[in-house]
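J.: what's the 3D shape of this:
(chains A, B, C and D)
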Number of protein chains: 4
Amino acid sequence: MAARKEFGPSQPFKGMNINGSLHMTIQTGVLIETLSALGAKVRWCSCNIFSTQDHAAAGIAKAGTATVFAWKGETLPEYWWCTEQMMTVPGADGCDQLVDDGGDATLLIHKGKEFEEKFAKDGSLPDPSSTTNAEFKCILQLLRDSIQVDKTKYTRMAAKCKGVSEETTTGVHRLREMAAKGELLFPAINVNDCVTKSKFDNVYGCRHSLPDSIMRATDVMIGGKRALVAGYGDVGKGCAFAMRGAGARVLITEIDPICALQACMEGFQVVTLEEVVGEVDIFTSATGNFKIITLDHMKKMKNNAIVCNIGHFDNEIAMEDLEKCAGIKVENIKPQVDRFVFPDGHGVIVLASGRLVNLGCATGHPSFVMSCSFTNQVLAQLDILENCTKAKKYKNDVYLLPKKLDEKVAALHLPALGASMTKLSKEQADYIGVPVEGPFKPDTYRY
Amino acid sequence: MAARKEFGPSQPFKGMNINGSLHMTIQTGVLIETLSALGAKVRWCSCNIFSTQDHAAAGIAKAGTATVFAWKGETLPEYWWCTEQMMTVPGADGCDQLVDDGGDATLLIHKGKEFEEKFAKDGSLPDPSSTTNAEFKCILQLLRDSIQVDKTKYTRMAAKCKGVSEETTTGVHRLREMAAKGELLFPAINVNDCVTKSKFDNVYGCRHSLPDSIMRATDVMIGGKRALVAGYGDVGKGCAFAMRGAGARVLITEIDPICALQACMEGFQVVTLEEVVGEVDIFTSATGNFKIITLDHMKKMKNNAIVCNIGHFDNEIAMEDLEKCAGIKVENIKPQVDRFVFPDGHGVIVLASGRLVNLGCATGHPSFVMSCSFTNQVLAQLDILENCTKAKKYKNDVYLLPKKLDEKVAALHLPALGASMTKLSKEQADYIGVPVEGPFKPDTYRY
Amino acid sequence: MAARKEFGPSQPFKGMNINGSLHMTIQTGVLIETLSALGAKVRWCSCNIFSTQDHAAAGIAKAGTATVFAWKGETLPEYWWCTEQMMTVPGADGCDQLVDDGGDATLLIHKGKEFEEKFAKDGSLPDPSSTTNAEFKCILQLLRDSIQVDKTKYTRMAAKCKGVSEETTTGVHRLREMAAKGELLFPAINVNDCVTKSKFDNVYGCRHSLPDSIMRATDVMIGGKRALVAGYGDVGKGCAFAMRGAGARVLITEIDPICALQACMEGFQVVTLEEVVGEVDIFTSATGNFKIITLDHMKKMKNNAIVCNIGHFDNEIAMEDLEKCAGIKVENIKPQVDRFVFPDGHGVIVLASGRLVNLGCATGHPSFVMSCSFTNQVLAQLDILENCTKAKKYKNDVYLLPKKLDEKVAALHLPALGASMTKLSKEQADYIGVPVEGPFKPDTYRY
Amino acid sequence: MAARKEFGPSQPFKGMNINGSLHMTIQTGVLIETLSALGAKVRWCSCNIFSTQDHAAAGIAKAGTATVFAWKGETLPEYWWCTEQMMTVPGADGCDQLVDDGGDATLLIHKGKEFEEKFAKDGSLPDPSSTTNAEFKCILQLLRDSIQVDKTKYTRMAAKCKGVSEETTTGVHRLREMAAKGELLFPAINVNDCVTKSKFDNVYGCRHSLPDSIMRATDVMIGGKRALVAGYGDVGKGCAFAMRGAGARVLITEIDPICALQACMEGFQVVTLEEVVGEVDIFTSATGNFKIITLDHMKKMKNNAIVCNIGHFDNEIAMEDLEKCAGIKVENIKPQVDRFVFPDGHGVIVLASGRLVNLGCATGHPSFVMSCSFTNQVLAQLDILENCTKAKKYKNDVYLLPKKLDEKVAALHLPALGASMTKLSKEQADYIGVPVEGPFKPDTYRY
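T.: Numbers count the residues shown, from 1 in each chain, chains lettered A, B, ... in the order given. Below is the predicted model of the structure:
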């Protein structure tokens, strides 16, 4: 809101196309409206087949604020069709700037250009049968169809796009890999690692939305239960404290010794999944990695153990293996809550089909957190405008937002919480060698 | 379940009528089924106009387990009509034993007999216009109608009823008042003060269901907010720790210096409502008293402050005054969530119309807590059977359940939580002067 | 202080002898001074061989406020000698009223009278060789010597004593056992179970003094450690939250299913000692029972495990067995910190020789807690004065203090913590059926 | 210990002089012994006039492990004399590598060279009367004396020193300022910002040692008190959670909006000191800045408010102003605990004369934390050896240790806490783009 008030009058995005792939929720609607209010023409899709709130999508579409391709419960082919439609700007080669969450939109441009170049070289088309990955199969089919219609669609799109702001850990991982290989086609702003995004969206957002999801989905008492959280990064930290706050006994799995030591120092038990799989009541995967909770784990769980994912993709849980497991039966208890019953009679309750539980079973992060997060997105798009579109200051690499902007996001949100800020005197600022108005910390500072 | 297994075969309630007034939810359904499985003919109504889960009521009715008079969203006259129907046992003077929650059913019998005796004496009928209290008006109208049809209906009902087991603090208060005045017509078992009821239902149940309710109803981030809890009894303690666990700053109001000191020692700020009314984001009334949050308070609240009640009756919040406030406008945001806008433009968001928020905006306490609570109810009904119906050991007074039964309820619930119990040796039991198998604590013990 | 101001002028204890057996610390000094200021002649000893703060004892003795028999590090015979001296009032048969902690002084009177009567009957003297218990041996020797000098000393003392106020769970246990057998010789006030004593002294006092003791004694980081607390009563609850607050992972052992369920609901792991003995870093016994941590347990502990007792007697830990263990070596690390090294090379670090660790290794409970506790003692002594000495209202049984006095103790301590109290309106008080000025809760209330 | 075992045999520091200025405690003794065991000749002084544990200094000196210049309770001139002696290596121009804490040793070299150059240019000597800062006056006097004896002592020392590893935030601040101005004379390793140092030493170390200090110094109950922590950086976070864990109500002051928002999200109240100065019971300064608690603040505090500093220098509290305040009286309650009584009769209790309270009133951080911290120091000295002394890879700038070493420190400490680590599969490592054996996180990761 404050951003709209400050930047709206100058219409910085006037005449520009900004496309986005990000959970199409009420909160995202506010981001879209802000980009629009700053002058942009916006096209949008969701970055998750289940996360769209249909009334949010409808509201945005109806108001004419943006062109939206998203509904709750897309199939995978439908999901990628939506992504393609979003990317395809009528009357232009593509968008000027991109907002991404998880990197699917960015992936599509990069894969599109790669296969178009391959086709130009040797006439070969992408082959969906070359992969067993269901999602990548969709991408290859989509590109196979696209190349036959327009041989340079994604190559032109890549040239047109001046930069992307990426929302998530997973997406930033992918961007860094591409940058490291020299394959990144435009600069990227890492919004995920702004403190007011990473700590607030990940830690505090998940602290709120994990118990919210479990309570809405199952009505199970969390107090007294044994709750395992896989991963003690920012998301895992939020989940662990939420479960403790609700009275559960919390167990952590970790691969990183520093995070494991942090978990120990907070009094959480650090275990391997294998050691405790038969005793845990609630499993939450919060890693951003894959194959965390396997079919073998689920076979050994106690009856009615709850399994959910708040990390990123649904492959944190071996859903595909579970669905294909011989003799498995599925009872749909209510929307987004399925009980998978094994031949031995014990069942596990899987929330949101293994996709993000806070989007599938609750309403995502609460608006306060998303406001922090999306204010960062707006400032990132303005930063791309300054340093990529207007000037060419950034290379095809991954950049953090300047800390001053990060602090600004925090400062904008403090009055609502009744905080009284202390001001540095000039003398004190000089003593610690920072400007009176900030930024107050070196870039290495971890908060 | 364990109770059903243990007592079902002997059919202790065979041929008896047991009536109940208690939130008609899925969990209550299990209590009703258990009473029925032990041989009783059961009639039921809800003790709150909003708390009925219609599918639960329908399920019980359809299965023929009990005769149910309850639906979500009753009017006050409908509510008391339901209570009367429940109390009226076809072919009998009334029920043999009663289950009550809040004391409305017990009140009706007592008031019924009182007005019938008055009528017998001087021919006067109850006069609904003699009170401004909307609920008491309904009772008077109901009894006025009843006496004209059957002059001794409630007098016979009172004679027939051998005892009541009461679920709540409020109900026990009323019973104690009646017992103190010598007006109590039959013995009462105080289930509310069993440890496995009071501490688990009140503390842990509310710790779960308060944030559950607020999150479902409002999607507001609790973290960072200022949350005031009025009352630091068992319910208030559960609420305060829930709000802190979710990251809120918690403020407490108290009248009892011991409870206030406890709040201080846990690091909560003890204030008066007047001191902080303009700064608080979320107000929760948890007192069991009335007129806690007044119209004047609500006039001074910040815009979009959230107001809810988890104590007992809706009169903890001055709903009547609020609704009648000159110039007030009501926006219904969604079912059970209303925004009352004052003429000056600021609004307060009232949940569940001021009635119990965990029943109105969530699904009540989770089943684990209710299982503790209702196992106590079954044991209480069996205790009434032994000591009131079969024998006349109890006077018309208020009794606690024997501690051994309280410990039994706990023991039945521990295995599910993975607890390994230590056993006293004979030598150790003798050393502290308790039986090896318990009870382990004196009656003064506070847990 | 407030008690001194209120009751001092009327000198209620004028001319009376009040004797006490209670840890001779700075805080106890304030209690002694208060009794003296109210007119009593006071004699005192400590109820624990290690708990005397010599400067506190010296201060009281020097000021002439009381006659004190206590020093830090008494031997057992010295301890009982001190107790006898304290009980022996020159020029009188004994004290008028008694303050006791753990029941040793009360025990001595009862055993004294018992053996004097036995001697009168059959001329037999107590035989120290008839017991293996080192403490009871001392008592028998003391009485053997006493009877030979004065055949009715303790019989006259028992007749003279009008009542005792007992400080601890352990002492109250003993009193209840005697009362149940009809052997109690005078009425007893149970100060231990005043809320402002039991909850504050036990829960909050131990929450403070357990980590204080461990940190002073060992300088070991508590964060990250596995800390087992044996017993989840009030003392255990305080210890468990203290250890969690300091970042430890807490494990609980319990015999009482209700307390075990409470521990589960707070997210603590309930185990048996045997299951985890080899993994725990810090063992704290908080039961009030005996033989909790056995020699066999200590043999299986990890190297440098810390073992301490905050329950009551040193027999919670099998110190005698440990000291006699074949091949054991003791390294005194510093006063009150001993490392017992087993023949296999692993050692356990025992604090305060197994006696109360907060008295041995720190300075006991902080003054705020003791102020609550000792204000109760003063009110209890005044209650004995009214109802036992002046009038004979109490039988030889165990009584609680009236709740109104308990609330008064709390109210006296609230202003220092900045709490603002809410006042009940008359209308509200009537609604819940309590006086406007309290007491606010029924006797069954558990806080 | 593990470092000694791994690197000891190869004697990497053989023939080298390593000098250090760091609190001369038992824990530091282990660091000194390790450097010595790796072949170094070590000279040491303390970096704080109160922090030396005399038995630790004596132990090191007696064993001949290092030459030590430190005692508890140095005067300022003595402190700087010790620093100079430590820096002056007999038979060499100075040390090869330096360990510093707070930057005083580094400051002395830089100031020494600066004034020697000034003297060479214009013959002017440092003038102690040119400053009112008591410490800087000592430095100027020391250099004035030194230049008259040896005109190039510090210039040669600077040339000889190949690098410094700095322990604290404050020291790193100073280094960064010098580097930014191009004045830094040798490379510096920032040990403070290793995660296993900053998060463990600062957060968890202070969480342990702040309550330890307050309890030892004052025996005051922390529960129920209002505790203000100035600064919510890593040290402040540890302090805030320690105070809450002990039952206090915590208030925070902050200048950085991000840290303030974090405090809000944890439910702490963010205030200015001015707003609450009259209500707070315990003030803890944790900023690393100066003039945080002023004389004016102390004049307005309540009687017997406790004031302490766990940040860095004693100038966080206006000790100089306090001592000079007209009419002030000082009561020394016990060593390191002084009550300053104002003319109006109210007093404030200042711990450790405003210097680091955990060093002055307790025994510093517990050994587990210091082991993490000092393992980093050893690895930093080895890094300087490789990249500054043997090779010239580093410029005169401030460097972080490689993350791999940071993770190594954590991994070395996990087994003692009973943590079971999960291992990444190759497939999972590839999926998230990290090596199987780590490092696992990008440099921007905040933990």
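J.: CA atoms for contacts and neighbours, from now on please.
T.: Will do.
J.: which residues of the stretch 101-250 of chain A lie near chain C?
T.: Neighbours of chain C within the stretch 101-250 of chain A, by Cα under 8 Å from any Cα of the partner chain: A:223-226, A:244, A:247-250.
J.: swap the cut-off to 6 Å and go again
T.: Contact residues, the stretch 101-250 of chain A versus chain C (Cα under 6 Å from any Cα of the partner chain): A:223-224, A:247-249.
J.: quick one: buried ones out of those?
T.: A:223-224, A:247-249 (16 or more other Cα atoms under 10 Å in any protein chain shown).
J.: show me the residues you listed that map onto strands.
T.: A:Arg249 (DSSP state E).
J.: from chain D, how far out is A:Ala380?
T.: Using Cα to the nearest Cα, to the nearest Å, A:Ala380 is found at 17 Å from chain D.
J.: number of nearby residues for that residue?
T.: Other residues near A:Ala380 come to 26 when the count uses other Cα atoms under 10 Å in any protein chain shown.
J.: so for A:Gln377, what's the pLDDT?
T.: A:Gln377 carries a pLDDT value of 94.
J.: who's in contact with it?
T.: Counting by Cα atoms under 6 Å, 6 or more residues apart in numbering or on different chains, A:Gln377 makes contact with nothing.
J.: work out for me the element it sits within.
T.: Element membership of A:Gln377 [criterion: DSSP states H and E] is helix A:367-384.
J.: output the residues of the stretch 101-250 of chain A next to chain C in JSON lines; the columns should cover pLDDT.
T.: As requested, these are exported to JSON lines (pLDDT from 0 to 100):
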{"residue": "A:Gly223", "pLDDT": "96"}
{"residue": "A:Gly224", "pLDDT": "96"}
{"residue": "A:Gly247", "pLDDT": "97"}
{"residue": "A:Ala248", "pLDDT": "98"}
{"residue": "A:Arg249", "pLDDT": "98"}
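J.: what secondary structure does A:Leu184 sit in?
T.: coil (DSSP: H, G, I helix; E, B strand; the rest coil).
J.: find the closest residue to chain C in the stretch 1-150 of chain A.
T.: A:Ser51 (31.9 Å; Cα to the nearest Cα).
J.: ok, that residue - contacts?
T.: A:23, A:359-360.
J.: confidence score at it?
T.: 84.
J.: return the distance of it relative to B:Glu117.
T.: Using Cα to Cα, to the nearest Å, we find A:Ser51 at a distance of 64 Å from B:Glu117.
J.: repeat for A:Leu185
T.: 91 Å.
J.: give me the more crowded residue out of those two.
T.: Taking other Cα under 10 Å, A:Leu185 and B:Glu117 do not tie; A:Leu185 has more neighbours (22 against 17).
J.: how close does the residue lying closest to the more buried one once chain neighbours are set aside get to chain D?
T.: Distances taken as Cα to Cα, 6 or more residues apart in numbering or on different chains place A:Asn396 nearest to A:Leu185, at 6.2 Å, with adjacent residues excluded. Taking Cα to the nearest Cα as the measure, A:Asn396 falls 18 Å from chain D.
J.: what about A:Asn396, how many neighbours?
T.: A:Asn396: 17 surrounding residues under other Cα under 10 Å.
J.: same question, A:Val348
T.: Counted with other Cα under 10 Å, residues neighbouring A:Val348 total 23.
J.: and it, how far is that from A:Ala217?
T.: To A:Ala217, A:Val348 is 14 Å away according to Cα to Cα.
J.: skip the chain neighbours and tell me the closest residue to whichever residue of chain A sits closest to chain B.
T.: Nearest residue of chain A to chain B: A:Gly245, at 4.0 Å (Cα to the nearest Cα). Spatial nearest neighbour of A:Gly245, excluding adjacent residues (Cα to Cα, 6+ apart): B:Gly245 at 4.0 Å.
J.: spell out which parts of the stretch 251-400 of chain A neighbour chain D.
T.: Neighbours of chain D within the stretch 251-400 of chain A, by Cα under 6 Å from any Cα: A:254-255, A:257-258, A:270-272.
J.: hang on, isn't the residue nearest to A:Leu185 packed against A:Phe186?
T.: Yes - the pair A:Asn396 / A:Phe186 is scored as a contact, 4.7 Å apart, by Cα atoms under 6 Å.
J.: which of the helices or strands spans A:Val330?
T.: Applying DSSP H and E as the criterion places A:Val330 in strand A:329-334.
J.: quick one: is that strand near chain B?
T.: No - Strand A:329-334 lies apart from chain B when judged by Cα under 6 Å from any Cα; the minimum separation is 13.9 Å.
J.: list the contacts for the closest residue to chain D within chain A?
T.: Closest approach between chain A and chain D, counting by Cα to the nearest Cα: A:Arg446, at 4.3 Å. Residues in contact with A:Arg446 (Cα under 6 Å, 6+ apart) are D:Arg446.
J.: just A:Asn332 next, same as before
T.: Counting by Cα under 6 Å, 6+ apart, A:Asn332 touches A:Asp338.
J.: go on, A:Thr170?
T.: A:Gly102.
J.: against B:Ala305, how distant is it?
T.: Taking Cα to Cα as the measure, A:Thr170 and B:Ala305 are separated by 37 Å.
J.: do the same with A:Leu382
T.: 34 Å.
J.: how about A:His413?
T.: Here A:His413 is placed at a distance of 17 Å from B:Ala305 (Cα to Cα).
J.: from C:Leu351, how far off is A:Gly15?
T.: Distance of A:Gly15 to C:Leu351, given as Cα to Cα: 76 Å.
J.: sorry, wrong one. I was asking about A:Asp383.
T.: Relative to C:Leu351, A:Asp383 is positioned 61 Å away (Cα to Cα).
J.: pLDDT score assigned to A:Phe368?
T.: A:Phe368 carries a pLDDT value of 84.
J.: sorry, back to before: which one among the buried ones among the residues of the stretch 101-250 of chain A next to chain C gets closest to C:Lys423?
T.: Each of these was scored against C:Lys423 by Cα to Cα, and A:Gly247 proved nearest at 32.6 Å.
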